[in-house]
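**Student:** all I have is the shape, not the residue letters:
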Ligand SMILES: [Fe+2]
Ligand SMILES: [Fe+2]
């Protein structure tokens with residue numbers, strides 16, 4: 001394949017999406033750092049704290065890698081830093097419950113669906129700078145997903161009353177996720193946008209549906225949360 005066919009012209013959608021990803025990855029770093037503080041406050045095992053801190057760094061790397069792609073695609077607007085979005089939010093309550101909420105929302109749900117999403121984004125991605133970013137992100141997401149389930153197991157084992165809390169909040173979190181990822185049926189994406197690591201909105205919805213069935217339901221059932 002020639003250099004030229006490897007580098008199709010970026011569209012405005014490519015610039016907008018990679019600029020959005022810089023903000024999303026940066027936010028993930030902040031949220032994980034905040035969650036790790038909660039783990040320190042709860043006296044969680046050292047391995048979980050270490051895993052959390054490593055993820056904070058991964059997510060900063062992902063933000064930088066995304067910034068490289070956005071730059072190469074010609075994005076000119078600097079990413080926005082919205083300070084209040086960089087705090088973890090969970091309903092008021094004891095720290096154990098807030099930690100459970102964030103673990104379920106950010107990691108068990110968010111990072112678990114991220115693995116098949118990034119797998120599909122990477123599959124048709126051929127522009128080297130974007131491919132490099134997606135290679136690294138996908139490799140890390142597998143470990144981030146594991147962190148979520150390990151952390152959930154730790155919380156449920158050490159604080160069995162949280163299982164009831166989890167059963168109560170999980171349906172709301174699943175509905176929120178479906179709204180976020182699964183509302184569009186648009187199959188619209190250009191081949192050159194696929195090459196830059198984008199995909200159609202409808203693909204997000206399909207992947208979420210498969211993840212619900214193959215990942216979330218068995219994993220939550222096994223833990224008595226569904
Ligand atoms: Fe990330
Ligand atoms: Fe991640």
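**Tutor:** Thanks, I have the structure now. Owing to the predicted nature of the structure, the values given are computational and were not obtained by experimental measurement. Residues are numbered from 1 along each chain as shown. Ligands and ions are numbered 1, 2, ... in the order given.

**Student:** relative to ligand 1, how far out is residue 128?
**Tutor:** 19 Å (CB to the ion, to the nearest Å). No exception for glycine: its C-beta is placed from N, CA and C like everyone else's.

**Student:** correction: residue 212
**Tutor:** Distance from residue 212 to ligand 1, by CB to the ion: 21 Å.

**Student:** wait, doesn't that residue sit right on residue 174?
**Tutor:** Yes - between residue 212 and residue 174 a contact is recorded at 7.5 Å, counting by CB atoms under 8 Å.

**Student:** what strand or helix carries the residue in the chain that ligand 1 sits nearest to?
**Tutor:** Residue of the chain nearest ligand 1, by CB to the ion: residue 62 (3.7 Å). For residue 62, the host element (DSSP states H and E) is helix 46-72.

**Student:** identify each buried residue in the helix or strand just after that helix, please.
**Tutor:** Remark: after helix 46-72, the chain's next helix or strand is helix 95-102, criterion DSSP H and E. Counting neighbours by 16 or more other CB atoms under 10 Å, one finds that the buried residues in helix 95-102 are 96-102.

**Student:** likewise for stretch 47-59?
**Tutor:** So stretch 47-59, judged by 16+ other CB under 10 Å, has buried residues 48-49, 51-52, 54-56, 58-59.

**Student:** intersect those with the contacts of ligand 1.
**Tutor:** Contacts with ligand 1 within the buried residues of stretch 47-59, counted by CB under 5 Å from the ion: residue 59.

**Student:** let me see the contact set for residue 169.
**Tutor:** By CB atoms under 8 Å, 6 or more residues apart in numbering, the residues touching residue 169 are 91, 100-101, 104.

**Student:** how about 10 Å then?
**Tutor:** By CB atoms under 10 Å, 6 or more residues apart in numbering, the contact set of residue 169 is 90-91, 97, 100-101, 104-105, 225.

**Student:** report the inter-axis angle for the helix or strand hosting it versus helix 95-102.
**Tutor:** Secondary-structure element containing residue 169, defined by DSSP H and E: helix 162-181. Between helix 162-181 and helix 95-102, the angle formed by their directions is 30 degrees, by axes from the mean of the first three to the mean of the last three CA atoms, to 10 degrees.

**Student:** before we move on, back to that, show me what the helix holding residue 62 is packed up against.
**Tutor:** helix 12-42, helix 128-158 (3 or more CB pairs under 10 Å, 6 or more residues apart in numbering; DSSP states H and E).

**Student:** this structure against ligand 1: which residues are in contact?
**Tutor:** So far as CB under 5 Å from the ion goes, the chain lies against ligand 1 at 25, 59, 62.

**Student:** check which element follows the helix holding residue 169 along the chain.
**Tutor:** Toward the C-terminal end, the helix or strand that comes next after helix 162-181 (DSSP H and E) is helix 191-195.

**Student:** which parts of that following helix are buried?
**Tutor:** Neighbour-count burial for helix 191-195, counted by 16+ other CB under 10 Å, picks out 192-195.

**Student:** and the next helix or strand past that helix?
**Tutor:** Scanning forward in sequence from helix 191-195 by DSSP H and E, the next helix or strand is helix 201-211.

**Student:** give me the angle between that following helix and helix 162-181.
**Tutor:** 160 degrees.

**Student:** and helix 201-211, what does it pack against?
**Tutor:** helix 112-123, helix 162-181.

**Student:** and the average pLDDT for that helix is what?
**Tutor:** What helix 201-211 shows for mean pLDDT is 95.
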